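Chemist: predicted structure and sequence below. I'll ask about it afterward.
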Amino acid sequence: MPLPASAPAWAAELVLAYESGAHGQFVLHGNVHDRLAVGGRLVNLPRWLEEELLAAFDVVFAYDLGNGLRVPRGADRVAEWRGAEAKEPLPREPLAAVELVSRIVRTLANLRALGRRGKESVACIVRGAEHLLPATAGLSPEQASLLSLVRDWAGEAPFADEPFASFLVADALSDLHPQVAFHPRVARVRVPLPGTEELADAIGALRAIHAPAFDAGTDLAATAAAFAGVSVAALESLVKTRAYEKRPIAGADLVQVKKQLVERDATGLVEFVEPRRTLADYHGQEPLKAWLRQDITLWKAGDLKALPMGYLVCGPVGTGKTFLVECLAGEAGVPVVKLKNFRERWVGSSEGNLEKIFRLVRALGRCIVFVDEADQALGRREGGSADSGLSGRLYAMVAQEMSDSGNRGRVMWILASSRPDLIEVDLKRPGRVDVKVPILPTSTPAESAALLATLLARYELALPPEALSALPLPLLLTPGAAEAIAVKAYRLVRTAGLAPAAALARCLEGYQSPVPRDVMEQQMRIAVREATDLAFVPEPFRHLATERTP
């Protein structure tokens, strides 16, 4: 099994495992439905395995539930080995197909032991392996028999002694029965989203066929880098559409196009947030902004030793936690992937969705992964029996990914929550979350005035902070509450013809905070106690760090 010149990086691991004799069975999972560039054309993964990776094999079988057993290479030899059975069509049922392949390999081994044949190499590719051997507790007798035979392929004689290789192709490792997926003699190979080199090859192949989709001076390397995190299949669909429309993919729309492709590939699991702001747009908490700017400077300089693996942004509802994340991403100049609801009711689907998200994040290069309402989204160590252990499994997957030291400087996790006390302690420990940032409401009338003036200006209501100081401005004002006041003032200006100052004064008459004071104070106390450094906490709130909970 020589490594083809066009092979992606992950294939080297597979070839080494086979050539060394360490493994003969491989589970390919992840980005298995994508396309690969080979000799100026794009082919799917099974086709690449048949034609490129297994080019030196004498016989190659291929099986899937829809097409049954096929013989892409060596059909005449298979007919010879089957003898009188060759008049019968190849089996379509999975157990019969696997039995036939097993019988042929056993027969070849016996004949070779008698000195009547050479050492002929055989391979079998099984697509959709998770449909044949699903990760369910109870298997039917036929499925149990199939499981036993496929496990024999991995490590029993004669399969382990013969030049025999089997490939089980599955969307997600969690969908495949664990007795196969985690067999000690099975090599698990994760197929990632394409890197920039693979994308450049694919774009070159697409440009040769669909030239109207590209400008004449398209830089392959730069375009490939811009499309990091996008599958070749999604890119191919875009190029065909643009070629038909005779509308080249321009540099100006690369960001928007990439956003659309990533979100479509992730099937609603993530939202691609475009950073349009920087920390210059964030109001207040100057010590915090200074710290964050230092981290971004280290990140851009590639000095990663002191760079946090992740942040926890906590504080009462409406304090602008999401806004701070957008500003931080804009300061860093990196894409932001916001996790959406990846939980599903079907067994194994939630874990598969999470694997898909991780695959996307790894392919994006430098990026920020943002998890809002992290206390609800990330699960708990002990999920209980109500969800059949799903919460615990998701928690374990997220915890492992967040603590991968290889991601330092590539992936930065940011968790946001108004109840960080409900997030598992292990998930927010150093090494996963190194910096905990409290986002708090205003603590003085001057801060309330500055915040209101900023938000009023967005609605073209020019009132400087000095003009606001004479008004009864509320304390513990959050950006969310301040914007609600600004919208109400704007409405009065437009509908009642009031001057901005008079409209604002009327809005403040009988004002009540949208969040009850006791709830606000409880969430503030929690956020202050979570802070990694009291320098992040405004002086008027530092007493909350030691104040006893009522």
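Modeler: Sure, I can see it.
Chemist: what ranges does the chain have for its strands?
Modeler: Remark: strands assigned in the chain by DSSP state E are 25-30, 35-38, 41-44, 59-64, 68-73, 122-127, 164-170, 186-191, 270-273, 310-314, 336-339, 367-371, 411-417, 435-438.
Chemist: parallel or antiparallel, which strands does the third one pair with?
Modeler: Read that as strand 41-44. strand 35-38 (antiparallel) (DSSP bridges).
Chemist: swap in the fourth one?
Modeler: Sheet pairing for strand 59-64, assigned by DSSP bridges, gives strand 68-73 (antiparallel), strand 122-127 (parallel).
Chemist: state the pLDDT value of G383.
Modeler: With respect to pLDDT, G383 scores 56.
Chemist: quick one: contacts for A228?
Modeler: G195, T196, L199, A363, L364, G365 (C-beta atoms under 8 Å, 6 or more residues apart in numbering). In this view, the C-beta of every residue, glycine as well, is placed from N, C-alpha and C.
Chemist: please name the nearest non-neighbouring residue to the first one.
Modeler: Nearest-residue entry for G195: A9, 6.8 Å, with adjacent residues in sequence omitted and distances by C-beta to C-beta, 6 or more residues apart in numbering.
Chemist: the one you found and L422, how far apart?
Modeler: 40 Å (C-beta to C-beta, to the nearest Å).
Chemist: surely A7 meets A55?
Modeler: No: with contacts counted by C-beta atoms under 8 Å, A7 stays clear of A55, the gap being 11.3 Å.
Chemist: more neighbours: which of the two?
Modeler: A7 (17 against 13; other C-beta atoms under 10 Å).
Chemist: ok, K246 - how many residues close by?
Modeler: 8.
Chemist: backbone dihedrals for it, please?
Modeler: phi 60, psi 40 (degrees, to the nearest 10).
Chemist: do I have it right that it meets P212?
Modeler: Yes: K246 lies in contact with P212 (C-beta under 8 Å); the separation is 4.7 Å.
Chemist: neighbours of T454, how many?
Modeler: Count around T454 with other C-beta under 10 Å applied: 17.
Chemist: circling back to that earlier point, hey, least reliable of the strands of the chain by pLDDT?
Modeler: The weakest mean pLDDT among the strands of the chain belongs to strand 270-273, with a mean of 82.
Chemist: helices or strands next to that one in the packing?
Modeler: helix 254-265, strand 336-339 (3 or more C-beta pairs under 8 Å, 6 or more residues apart in numbering; DSSP states H and E).
Chemist: between those, which one is nearest to R188?
Modeler: Nearest to R188 among the helices and strands packed on strand 270-273 is helix 254-265 (22.4 Å), distances taken as C-beta to C-beta.
Chemist: contact partners for S6?
Modeler: Per C-beta under 8 Å, 6+ apart, neighbours of S6: L36, A37, V38, G39, E52, D201.
Chemist: turn those residues into CSV, including distance to P438.
Modeler: Formatted as CSV, the contacts of S6 follow (distance: C-beta to C-beta, whole Å):
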residue, distance to P438
L36, 48
A37, 49
V38, 53
G39, 57
E52, 55
D201, 48
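Chemist: can you list the strands paired with strand 59-64 in a markdown table and add mean neighbour count and distance to T442?
Modeler: Formatted as a markdown table, these follow (neighbours: other C-beta atoms under 10 Å; distance: least, C-beta to C-beta, whole Å):
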| stretch | mean neighbour count | distance to T442 |
| --- | --- | --- |
| strand 68-73 | 17 | 69 |
| strand 122-127 | 26 | 59 |
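Chemist: export those to JSON lines and tack on distance to E351?
Modeler: Formatted as JSON lines, the strands paired with strand 59-64 follow (distance: least, C-beta to C-beta, whole Å):
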{"stretch": "strand 68-73", "distance to E351": "30"}
{"stretch": "strand 122-127", "distance to E351": "21"}
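Chemist: what stretches of the stretch 1-150 of the chain score poorly on pLDDT?
Modeler: Counting by pLDDT under 70, the stretch 1-150 of the chain shows low-confidence ranges at 137.
Chemist: now the helices for the stretch 1-150 of the chain?
Modeler: For the stretch 1-150 of the chain, the helices defined by DSSP state H, counting those that start in this stretch cover 9-19, 45-48, 75-82, 94-113, 129-132, 141-155.
Chemist: burial count for E466?
Modeler: Using other C-beta under 10 Å: E466 sits among 10 other residues.
Chemist: if I look at the residue lying closest to it once chain neighbours are set aside, how far off is A467?
Modeler: Nearest residue to E466 in three dimensions, chain neighbours excluded: A449, at 8.0 Å (C-beta to C-beta, 6+ apart). As defined by C-beta to C-beta, A449 lies at a distance of 9 Å from A467.
Chemist: kindly report the same for L492.
Modeler: Distance from L492 to A467, by C-beta to C-beta: 17 Å.
Chemist: which residue is nearest the middle of the protein?
Modeler: I357 (2.0 Å; C-alpha atoms, centre = their mean).
Chemist: ok, now which ones touch that one?
Modeler: Counted by C-beta under 8 Å, 6+ apart, I357 has contacts A266, L269, V270, V337, L339, F342.
Chemist: and E99, by the same measure?
Modeler: Per C-beta under 8 Å, 6+ apart, neighbours of E99: P91, L149.
Chemist: distance check, it against D152.
Modeler: 11 Å.
Chemist: L492 and A467: who's more crowded?
Modeler: Between L492 and A467, counting by other C-beta under 10 Å, L492 is the more crowded of the two (18 against 14).
Chemist: and the nearest residue in space to that one that is not next to it in sequence, how many residues sit next to it?
Modeler: When the adjacent residues along the chain are set aside, L492 lies closest to A503, with 3.9 Å between them (C-beta to C-beta, 6+ apart). Other residues near A503 come to 23 when the count uses other C-beta under 10 Å.
Chemist: what pLDDT does R345 get?
Modeler: pLDDT at R345 comes out at 65.
Chemist: and the closest residue to L149 other than its chain neighbours, what does it touch?
Modeler: Counting by C-beta to C-beta, 6+ apart, the nearest residue to L149 once its immediate chain neighbours are dropped is V98, at 4.9 Å. Listed by C-beta under 8 Å, 6+ apart, the contact set of V98 reads Y63, L146, L149, V150.
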